[in-house]
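J.: Dropping a prediction and its sequence here:
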Amino acid sequence: MIGYILRRILSAIPLLIGISIVSFIIIQLPPGDFATSYEMMLMNQGNMSRQEAQAAADQYRALYGLDKPLYEQYFIWIKGIVTEGKFGYSFAYKKDVGELIWERLPRTLFLALAAHFISTFFGLLIGIYAATHKYSLGDNLAAVLAFVGTSVPRFFLALVLMYAMVIEWNYPYIGRYTSPQYAFAPMSWDKFVDVLRYTWPVILIAGVGGIARNMRVMRGNLLDNLNAQYVTTARAKGLRESAVIYKHAVPNALHPIIMYQGTVLPYMIQGELEAAIVLNIPTLAPMFYSSLAIQDIYVSGGFLMIYAILLVAGNLIADIILALVDPRIRLS
Amino acid sequence: MTDSIRIDDVVKERALEPLPAAEEEQPVADPELAAVLRQLARSHESYGALVWRKFKRSKVAIVGGLIVVGLFIMAIFADFFSPYDPVRLNMGDAFTPPTRIHFIDSAGRFHFQPFVYKSVRKLNPDMSSTWVEDTSVRYPIVFFKRGWEYKLFGIFPTDIHLFGAAGDAKIFLLGTDRFGRDIFGRSCMAGRISLTMALFGTLISVLVGAIVGVFSGYYGGAIDNWTQRFVEFVQSFPQLPLWMALAAVIPITWDQFAVFVTMSFIFALLSWTLLAREVRGKVLALRETDFVLAAREMGASDARIMFQHLLPNTFSHIIVVLTLTIPTIILAESFLSFLGIGIQEPLMSWGTLMRDAQTIQTLGFNPWIASSVLFIVAAVLGFNFLGDGLRDAADPYAND
């Protein structure tokens, strides 16, 4: 088992290296760099002459290594990440991107995981109900909800909630992650409640699509299992229907769901991304978006890396859990 | 292939007299023979006919198909459906709420022909203004009304539009934006970009995915191994953030067509892997079948086997993945356009039309400015329904 986990982790390393190279290339694609805009700013607002501004910009480039060849910049970047946890310098925030990430990553993770939890819990519950009440009103209603949940753009759901909160309800808890008095407070129950007050729309929006997906997968799997012979056998033995479903059919229907979690997590993170940008909740998402606009390349690149790492880690965890519950995978 | 040969043999062995026509459903004593005959009756129909027959049975799929066809018609004939010029500024009508369509007038009388009232702006004491209906005159809704001039298909000049309000009253089904432009007409027009980009991006990804999948599955071995590693690599990229980053790189100075094509490629870049996997799996199974062996023994080249024999057998998968990739791209494109990355004005897509909704003040006073979302939802639902129906129909030989 440990060997299997180690193998899976090792195979993720070349993947991450590849991702880091691509991320780096993408953030270097646009013509010019931050020093170019710095130069423009000096000329327009600082009233410097072209030569002076250019000299200042070159100094700036030398300071942050922007004048070095690309591959060298890449190695410096990677070395910083691996050895010091530094993701490069944010020109807009004047600090290391690593600091920004550590500040905001836990929030993104919390929201995505909360959405994940909700979507798994309710998705399975509704899925089991729909499968055991096939073609009933509830089943059809769930199917309609599933289609709506995956068809309405999540940024629009965010707009609707924003509209409702601001215009209709005068809801005071918007546009923040916590109230100011809890900003530096250690985690406590009060703080947790406070965070939920601000972030429930994001969790809800990211979760809705996941509920729909989990529900449909669960319904299909459970229906397949309910038609299997072992279920008939269990019923023939005279077991209670609840025991047949929850002890026999449901555990067997869970495997594909676990395998599926690897693709649900990115869906959650993307949902968090869309909702948090529109609702302006200070997680990774809005900062990533604004960094793209102002070419704060190390922020864009670092965040892109983090999103990719989350994805790889999610798949890894899903694989490991699957191996834990299914010996066929572990031993093959 | 092998199946039909076997069935023919069985029929020849068992039936000495002419076969009873299977369609007449004559009672056949031998259940095995009856099953064979039913199979035979079906095998006379082409694959397409079988798919269509099964597809027809799914109401949801038919609805999805109709929605999709309807949206395409609205996009192609957008000028015809749009009662007012979708690009001309008309500040007098800025932020007009959706026009109400009435059947019953202010005096309580029912009219068979639907009508609208003129909207007039009323100034409140606090200097804000609200739109109220002037119920003194009824303006019936008329069809094939003459309005602004356009060229059908870019060739035939005409000024006939599907509908409009009689006289000088105006009808804005979904309200107007801040420049007084009809959001319904603009949404029809925006469908051109949104739909073609999704279609184009999907086509590219299908092309790449099918070719990679066939190569990977057919050659197997090291080629397959490396291709699959690469597919995994591409799949491990976070789609939405990467799309955002790539779209943000497009210089704003590029011309519209270049932006359109680049965006389609960006969407295709991460979408082809799903199909590559599916096609590979199918080809891997088909590779060992007799008809491939037969083709090879007859001296067919690898390319011929791959593209003449194997690829057509994966068409059902390709069609299904196609209809399921399109909604993903529509959703992603609308989000990027909503944020203002990628497609920009004057290009119109359903997402760019919703840009004004970004500021909560504007949205708060004029909630209808986000109404082009109706088109997005319709398109995504339509394609999802269609894809679901096709998925079931694509394998018409399965028993249900």
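T.: Structure received. Numbers count the residues shown, from 1 in each chain, chains lettered A, B, ... in the order given.

J.: Can you give me the neighbour number for the residue of the stretch 1-150 of chain B found nearest chain A?
T.: Among the residues of the stretch 1-150 of chain B, residue B:60 lies closest to chain A, at 9.0 Å counting by C-beta to the nearest C-beta. Any C-beta I mention is one placed from the backbone N, CA and C, and that applies to glycine too. When neighbours are defined as other C-beta atoms under 10 Å in any protein chain shown, residue B:60 has 16 of them.

J.: would you put the C-alpha positions of the strand or helix carrying it in CSV?
T.: Assessed by DSSP states H and E, residue B:60 sits inside helix B:59-76. Output of helix B:59-76 as CSV, limited to C-alpha atoms (Å, rounded to 0.1, in the frame of the first residue of the first chain):
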residue,chain,number,x,y,z
LYS,B,59,-38.8,13.5,-25.6
VAL,B,60,-36.1,15.3,-23.7
ALA,B,61,-33.6,14.8,-26.6
ILE,B,62,-36.2,16.1,-29.1
VAL,B,63,-36.8,19.2,-26.9
GLY,B,64,-33.0,19.7,-26.7
GLY,B,65,-32.7,19.4,-30.4
LEU,B,66,-35.5,21.9,-31.1
ILE,B,67,-33.9,24.4,-28.7
VAL,B,68,-30.5,24.1,-30.4
VAL,B,69,-32.0,24.4,-33.9
GLY,B,70,-34.1,27.4,-32.7
LEU,B,71,-31.1,29.2,-31.3
PHE,B,72,-29.1,28.6,-34.5
ILE,B,73,-32.0,30.0,-36.6
MET,B,74,-32.2,33.0,-34.3
ALA,B,75,-28.5,33.6,-34.7
ILE,B,76,-28.4,33.1,-38.4
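
J.: continuing past it, what's the next helix or strand?
T.: Next element after helix B:59-76 (DSSP H and E): helix B:78-81.

J.: If you average the pLDDT over that following helix, what comes out?
T.: Computed over helix B:78-81, the mean pLDDT rounds to 83.

J.: right, and residue B:177 touches residue B:95 too?
T.: Yes. With contact defined as C-beta atoms under 8 Å, residue B:177 counts as touching residue B:95 (7.4 Å).

J.: higher neighbour count, the two?
T.: Just comparing residue B:177 and residue B:95: by other C-beta under 10 Å the higher neighbour count belongs to residue B:177, 27 against 19.

J.: Next, give phi and psi for the more buried one.
T.: phi -90, psi -170 (degrees, to the nearest 10).

J.: for the one 5 residues further on, same thing?
T.: In this entry, residue B:182 is assigned phi and psi values of phi -70, psi 120 (degrees, to the nearest 10).

J.: for residue B:89, helix, strand, or coil?
T.: Secondary structure assignment for residue B:89 (DSSP: H, G, I helix; E, B strand; the rest coil): coil.

J.: Can you tell me how far the closest residue to it other than its chain neighbours is from residue B:345?
T.: Among residues not flanking residue B:89 along the chain, residue B:179 sits closest, at 4.5 Å (C-beta to C-beta, 6 or more residues apart in numbering or on different chains). Residue B:179 sits 11 Å away from residue B:345, going by C-beta to C-beta, to the nearest Å.

J.: Show me which of the two is the more surrounded one.
T.: residue B:179 (14 against 10).

J.: Would you double-check that that one falls in a helix?
T.: No. Read with three-state DSSP, residue B:179 is coil and lies in no helix.

J.: Check what pLDDT it gets.
T.: You'll see residue B:179 listed with a pLDDT of 83.

J.: hang on, the earlier thing: now for the helix holding residue B:60, which elements pack on it?
T.: Using 3 or more C-beta pairs under 8 Å, 6 or more residues apart in numbering or on different chains; DSSP states H and E, the elements in contact with helix B:59-76 are helix B:47-57, helix B:183-219, helix B:373-393.

J.: Of those, which is nearest residue A:91?
T.: helix B:183-219 (32.9 Å; C-beta to C-beta).

J.: so where does the residue at minimal distance from the centre of chain A fall, helix or strand?
T.: For chain A, residue A:269 is the residue whose C-alpha lies nearest the centre (C-alpha atoms, centre = their mean; 2.1 Å). If you go by DSSP H and E, residue A:269 is part of helix A:250-279.

J.: Dump the very next helix or strand once past that helix to CSV, restricted to CA.
T.: The helix or strand immediately downstream of helix A:250-279 is helix A:284-294, counting by DSSP H and E. Only the C-alpha atoms of helix A:284-294 are listed here, as CSV (Å, rounded to 0.1, in the frame of the first residue of the first chain):
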residue,chain,number,x,y,z
LEU,A,284,-7.1,33.4,-4.4
ALA,A,285,-9.7,34.0,-7.1
PRO,A,286,-10.1,37.8,-7.3
MET,A,287,-6.4,38.3,-6.9
PHE,A,288,-5.7,36.0,-9.7
TYR,A,289,-8.1,37.8,-11.9
SER,A,290,-6.7,41.2,-11.1
SER,A,291,-3.2,40.1,-11.6
LEU,A,292,-4.0,39.0,-15.1
ALA,A,293,-5.3,42.5,-15.9
ILE,A,294,-2.2,44.3,-14.6
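
J.: Could you pull up the mean pLDDT of the next helix or strand after helix A:284-294?
T.: The first helix or strand that comes after helix A:284-294 along the chain, using DSSP H and E, is helix A:297-325. For helix A:297-325, the mean per-residue pLDDT is 81.

J.: Which elements pack onto helix A:297-325?
T.: Against helix A:297-325 (3+ C-beta pairs under 8 Å, 6+ apart) you get helix A:2-28, strand A:89-90, helix A:97-132, helix A:250-279, helix A:284-294, helix A:327-331, helix B:239-249.

J.: Where among the ones you listed is average confidence lowest?
T.: helix A:327-331 has the lowest average pLDDT among the helices and strands packed on helix A:297-325, namely a mean of 67.

J.: on that earlier part again, chain A: which of the helices and strands packed on helix B:59-76 is closest?
T.: Per C-beta to the nearest C-beta, nearest to chain A of these: helix B:373-393, 4.2 Å.

J.: What confidence value was assigned to the residue of the stretch 1-150 of chain B closest to chain A?
T.: 81.

J.: ok, now residue B:10?
T.: So residue B:10 comes in at 47 (pLDDT).

J.: From residue A:275, how far off is the residue nearest to the centre of chain A?
T.: 11 Å.

J.: shared neighbours, those two?
T.: residue A:206 (C-beta atoms under 8 Å, 6 or more residues apart in numbering or on different chains).

J.: Once you drop chain neighbours, what's closest to residue A:258?
T.: Closest to residue A:258 by C-beta to C-beta, 6+ apart is residue A:322, at 5.1 Å.

J.: is it true that the one you found touches residue A:255?
T.: Yes. Counting by C-beta under 8 Å, residue A:322 does reach residue A:255; the two are 7.1 Å apart.

J.: neighbour count winner among the two?
T.: More crowded of residue A:322 and residue A:255, by other C-beta under 10 Å: residue A:322, with 20 against 15.

J.: State the distance from residue A:299 to residue A:76.
T.: In terms of C-beta to C-beta, residue A:299 sits 16 Å off from residue A:76.

J.: The two: which has the busier surroundings?
T.: residue A:299 (27 against 15).

J.: Contact partners for the residue nearest to the more buried one when sequence neighbours are not counted?
T.: Spatial nearest neighbour of residue A:299, excluding adjacent residues (C-beta to C-beta, 6+ apart): residue A:291 at 3.7 Å. Taking C-beta under 8 Å, 6+ apart, we find residue A:291 in contact with A:90, A:92, A:297, A:299, A:300, A:303.
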